[in-house]
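> my questions concern the predicted model and sequence given below.
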Amino acid sequence: MQTLMTSRRKVLLLGSTGSIGTSALKVAQDIPDRMEIVGLAAHSSVEALVAQVRATGVKQVSLTDEAAAAKARTLLPSDMTIHVGAQGLVDLVRASDADMVLVAIVGVAGLAPAMAAIEEGKHLAVASKEILVMAGEAVMAAARRQGVSVLPVDSEHNAIFQCLEGHQGSTVRRILLTASGGPFRQLPAEQLPQVTLAQALKHPTWTMGRKITIDSATLFNKGLEMIEARWLFDVPMSRIEVVVHPQSIVHSMVEFEDHSVIAQLSHSDMCFPIQYAVTWPDRVPNNLRPLDFAQLASLSFEAPRTKDFPALDLARHAGEIGGTLPAVLNAANEVAVEAFLHERMSFPAIWQTVARVMEKHQVIQHPSLEALIEVDAWARREALG
């Protein structure tokens, strides 16, 4: 991976009003000599975006919702450039003078601007799992061709990235992704059909958006992360495992061929991985809370309940088969989660829907981006059926 040479990173932030975006803005305030926000993008949260513009002084923004963009024009200075719609995200990437694009957009919408960033020679910081789940092969190949870095912002993948520093990939025996286990870690399987939306949205350690919080409850977030790790770190799925760690202090681990294990630890705060992605390969001081090991009491680990939560096995199968199957898993899961969020589907029906759509799919190997987008649309239609 190419080392970033600029000491002060100019960052374009896509998904600025979500949980990752707001954390990234905190990091920029904490280390202003190392991180400058030069553009912002949101979907429809006009008031939040306007407040961010005033705080950062950026001159370019994007809103994918056209009504929100029209409202923003009445609230932002007349010299502000406002890009609109899905194409507006790509236009913002191409027009920006950023040297890094941080993509924190949920779903397939982040794929086109991520590829545009790579094509423009801008380094990519990835907080959206879907980009590498859907198109990991194409994204990583494009990054290699352009000589740009793809840096993980997810706490787990950022932890693995840190553990691998200075080590050859061939010496890796296992990548161990840690999972909190979600709110139903100890819930008997026979009670899962009665799970309510309110219960599923109560994550025990992280404060996140609604979709990713449900993914944590089903363990689909870990399944997506397994596929993401396969492409980020160029390791086969067989070497990627999940271990439940309820305290969310150990963010992931790597076991090497000599059976030594290196882990990365910190409090559950997304500012840690965001800062490291931006300042890599440097480590710089900040105002984040350090660990007090005397107060941690204990760190525990256990195996995931794959029989009761089939998401991990579905994701492993998708990652092993490859091609378009991970995109199908991702799209079907998004539709199923949306249905659950609107209380139109039971909790177990989320993974049942994903399994049904995966079974119907005819896999295409080494797909083009156009094929991936078509398959994504097909899987969404099937999941609704």
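Looks like it came in fine. This is a predicted model, so every value here is computed, not measured.

> domain map for the protein?
The chain breaks down into these domains under automatic domain parsing: 9-153, 158-269+291-384.

> which stretches in the chain count as strands?
Assigned strands in the chain, in chain order: 9-14, 35-42, 60-63, 81-84, 100-103, 123-126, 150-152, 172-179, 240-244, 250-256, 261-265 (criterion: DSSP state E).

> how about these in TSV, adding mean pLDDT?
As requested, the strands of the chain are exported to TSV (pLDDT from 0 to 100):
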stretch	mean pLDDT
strand 9-14	98
strand 35-42	98
strand 60-63	98
strand 81-84	97
strand 100-103	98
strand 123-126	97
strand 150-152	97
strand 172-179	96
strand 240-244	98
strand 250-256	97
strand 261-265	97
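
> pipe the ones you listed into CSV and attach mean neighbour count per row.
Where you see a C-beta, it was placed from the backbone N, CA and C, and this is true even at glycine. Below are those laid out as CSV (neighbours: other C-beta atoms under 10 Å):
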stretch, mean neighbour count
strand 9-14, 26
strand 35-42, 24
strand 60-63, 26
strand 81-84, 18
strand 100-103, 27
strand 123-126, 27
strand 150-152, 24
strand 172-179, 22
strand 240-244, 21
strand 250-256, 22
strand 261-265, 17
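
> now distance to N286 too, for those, in JSON lines please.
Shown next, in JSON lines, are the strands of the chain (distance: least, C-beta to C-beta, whole Å):
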{"stretch": "strand 9-14", "distance to N286": "14"}
{"stretch": "strand 35-42", "distance to N286": "11"}
{"stretch": "strand 60-63", "distance to N286": "27"}
{"stretch": "strand 81-84", "distance to N286": "31"}
{"stretch": "strand 100-103", "distance to N286": "17"}
{"stretch": "strand 123-126", "distance to N286": "17"}
{"stretch": "strand 150-152", "distance to N286": "17"}
{"stretch": "strand 172-179", "distance to N286": "23"}
{"stretch": "strand 240-244", "distance to N286": "28"}
{"stretch": "strand 250-256", "distance to N286": "17"}
{"stretch": "strand 261-265", "distance to N286": "16"}
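
> which residues are contacting the helix or strand of the chain with the lowest mean pLDDT?
When each helix and strand of the chain is scored by mean pLDDT, DSSP states H and E, helix 293-296 comes last, with a mean of 90. Helix 293-296 is contacted by residues 247, 249 when judged by C-beta atoms under 8 Å, 6 or more residues apart in numbering.

> export that helix to CSV, keeping only CA atoms.
The C-alpha coordinates for helix 293-296 follow below in CSV (Å, rounded to 0.1, in the frame of the first residue of the first chain):
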residue,chain,number,x,y,z
PHE,A,293,-6.7,-1.3,32.4
ALA,A,294,-7.3,-1.4,36.1
GLN,A,295,-10.9,-0.3,35.6
LEU,A,296,-11.6,-2.7,32.7
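
> what residues are up against the residue of the chain most remote from its centre?
Distance to the chain centre peaks in the chain at S78, reaching 33.8 Å (criterion: C-alpha atoms, centre = their mean). By C-beta under 8 Å, 6+ apart, S78 lies in contact with nothing.

> now it: how far from E343?
As defined by C-beta to C-beta, to the nearest Å, S78 lies at a distance of 44 Å from E343.

> state the distance from the nearest residue to A371 once chain neighbours are set aside to G323.
Spatial nearest neighbour of A371, excluding adjacent residues (C-beta to C-beta, 6 or more residues apart in numbering): I364 at 5.7 Å. Note on I364: its distance to G323, by C-beta to C-beta, is 5 Å.

> ok, the two, which is more surrounded?
The neighbour comparison of I364 against G323 (other C-beta atoms under 10 Å) goes to G323, with 19 against 15.

> the more buried one touches H361, doesn't it?
No: applying C-beta atoms under 8 Å as the test, G323 and H361 come out as separate, 9.5 Å apart.

> what do these two both touch?
Counting by C-beta under 8 Å, 6+ apart, G323 and H361 have no contacts in common.

> thank you kindly, that will do.
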